[in-house]
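Enquirer: What follows is a predicted protein model with its sequence.
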Amino acid sequence: MSGPVGVSADPVRELMAEHRELCERAVDPLEIAAGLEEAGLGPDAAARCRHADLFSLAEELYARVPRRPPAPEPPEPRRCGAAARAALTAAALAALPCAAAVALGASPPVLLAAAVPLALLPAPTGPAPAGAGPLPCARPTELGPVRTAPGPAGSRRHPAALGYGLGLAALLLLPLAAPGADRPLAAALVLAAAVSVGSAERAARWYRQVGRGHLGSAGTLAEFRSRMRPVLPVAVALHLAVLGVLTYAALAVLAVVAPRPGPGHGGGLLHLAVERAGTAAWAAQGVLGLLLVLPALLARCGRAVAAALGAVAGPVAAAVPLVLGRPWPSAVLLGGGAVAPVLLAYGWAVLGRAGAHR
């Protein structure tokens, strides 16, 4: 992180020397302003450079520093279909261990074995806050040359990526390990949540793709933040909608293949699905969806440590009420419901910054 601008006859020149690479590679003043913001500079630094705000300072830096020639672009940029394939792959890699655990009886050794491949899943990777990597469907000409983020193999060995995977494994397998739970119901909800891991991955990619587009077209940082305000709620809502559809489908199948003993009920599959789960289980599934998508968004936008902490905090907080004797749905509502708003507030504060999409 850069220190404050020193007092000198030309403080802008000092800033040019300190951030020359950023200024040489920037394709517009907004990218420089975003880099300065991520480096810890704010209105005070702009005032010391005799500018009203960071964007005005960035315009002077952009005008004074000559551009470095851009690196050659790849001959064939990746297509949008890569994002869909990545989402399907993430869904399959998360669902297969969970399905195996359900099929083999969800005993402690089975759950431990299923947790290993889940913990080794590659976390969604994004740039560090000061750099960026290209995304599928992003137009590289809008943002100029960028530094590529580490590949999946390197990310998997990173402690933050391992923490993210462990949190994901605990979050998905916790309902199967809860004592006294309705096993068929827990299995249906776990499989729906596991498949929705692909939805969380796709929502995170879409969110950053939209951010890259706004970064290339917004005129000021304030305009960029204004454009990004509705994007996070939309990304989260889309993921929760997909999870709701998957949950209903899993419960409808459960109502057919494993009906609850007792007299039959009218109302069709929708009635049976809602009745079998109950309000508490549906609400717990919504909290689970938030605990899946918010760390994915943070990881995709370069907040790997925060994503890992959020992924681990959810199941740990949910496990505490379980140990104290609360049933599984209310334990997720109490523990996970306390973590999800904190993650959402943190994501709202940091993901709308321009530096998260550079």
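Expert: Yep, it's here.
Enquirer: Report the contact partners of Ala280.
Expert: By C-beta atoms under 8 Å, 6 or more residues apart in numbering, the residues touching Ala280 are 329-330, 333. Heads up, the C-betas are built off the backbone N, CA and C, glycines and all.
Enquirer: Could you double-check that Ser196 lies in contact with Val242?
Expert: Yes - assessed by C-beta atoms under 8 Å, Ser196 is found in contact with Val242 at 6.0 Å.
Enquirer: picking that back up, closest to Ala160 among the contacts of Ala280?
Expert: Closest approach between the contacts of Ala280 and Ala160, by C-beta to C-beta: Leu333, at 27.5 Å.
Enquirer: related to what we said a few turns ago, okay, Ser196 and Val242: which has more neighbours?
Expert: Between Ser196 and Val242, counted using other C-beta atoms under 10 Å, the more crowded position is Ser196 (30 against 21).
Enquirer: if you skip the residues just before and after it, what's nearest to that one?
Expert: Closest residue to Ser196 apart from its sequence neighbours, by C-beta to C-beta, 6 or more residues apart in numbering: Leu243 at 4.3 Å.
Enquirer: On the three-state scheme, the one you found is what?
Expert: Judged by DSSP: H, G, I helix; E, B strand; the rest coil, the three-state class of Leu243 is helix.
Enquirer: okay, and for the stretch 151-300 of the chain, where does confidence drop off?
Expert: By pLDDT under 70, the low-scoring segments of the stretch 151-300 of the chain are 151-157, 260-274.
Enquirer: all helices for it, in order.
Expert: For the stretch 151-300 of the chain, applying DSSP state H, counting those that start in this stretch gives helices covering 152-157, 159-177, 183-217, 221-228, 231-257, 268-300.
Enquirer: separation between the one residue sitting closest to the centre of the chain and Leu344?
Expert: With distances taken as C-alpha atoms, centre = their mean, Leu297 lies nearest the centre of the chain, 1.6 Å away. Here Leu297 is placed at a distance of 10 Å from Leu344 (C-beta to C-beta, to the nearest Å).
Enquirer: Equivalent analysis for Leu173, please.
Expert: In terms of C-beta to C-beta, Leu173 sits 24 Å off from Leu344.
Enquirer: Please identify which of the two sits among more neighbours.
Expert: The neighbour count for Leu173 versus Leu344, taken as other C-beta under 10 Å, is higher for Leu173 (23 against 18).
Enquirer: Would you agree the more buried one is in contact with Pro117?
Expert: No - using C-beta under 8 Å, Leu173 is not in contact with Pro117; the gap is 11.4 Å.
Enquirer: Skipping its backbone neighbours, what lies nearest the residue nearest to the centre of the chain in space?
Expert: Ala204 (4.8 Å).
Enquirer: was I right about the one you found contacting Ala299?
Expert: Yes - using C-beta under 8 Å, Ala204 is in contact with Ala299, at 7.2 Å.
Enquirer: Overlap of the contact sets of those two?
Expert: Pro124.
Enquirer: Pull up the overlap in contacts between Leu297 and Leu344.
Expert: Residues touching both Leu297 and Leu344 (C-beta under 8 Å, 6+ apart) are Val236.
Enquirer: buried sites along stretch 111-125?
Expert: Buried residues in stretch 111-125, counted by 16 or more other C-beta atoms under 10 Å: 111, 114-115, 117-125.
Enquirer: Can I get stretch 211-229 in CSV, CA atoms only?
Expert: Taking C-alpha atoms only, stretch 211-229 is exported to CSV below (Å, rounded to 0.1, in the frame of the first residue of the first chain):
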residue,chain,number,x,y,z
GLY,A,211,-18.3,-4.3,-13.5
ARG,A,212,-15.6,-4.5,-16.2
GLY,A,213,-18.1,-3.1,-18.7
HIS,A,214,-19.1,-0.1,-16.5
LEU,A,215,-15.4,0.5,-15.7
GLY,A,216,-14.8,1.0,-19.4
SER,A,217,-17.7,3.3,-19.9
ALA,A,218,-18.3,5.3,-16.7
GLY,A,219,-16.9,8.8,-16.7
THR,A,220,-16.1,9.2,-13.0
LEU,A,221,-15.8,7.0,-9.9
ALA,A,222,-19.1,8.3,-8.6
GLU,A,223,-20.8,7.4,-11.8
PHE,A,224,-19.2,3.9,-11.7
ARG,A,225,-20.4,3.3,-8.1
SER,A,226,-23.9,4.6,-9.0
ARG,A,227,-24.1,2.1,-11.9
MET,A,228,-22.9,-0.8,-9.7
ARG,A,229,-25.3,-0.3,-6.8
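Enquirer: so how far is it off the chain centroid?
Expert: With C-alpha atoms, centre = their mean, to the nearest Å as the basis, stretch 211-229 stands 19 Å off its chain's centre.
Enquirer: Which residue ranges of the stretch 1-150 of the chain form strands?
Expert: Counting by DSSP state E, counting those that start in this stretch, the stretch 1-150 of the chain has no strands to list.
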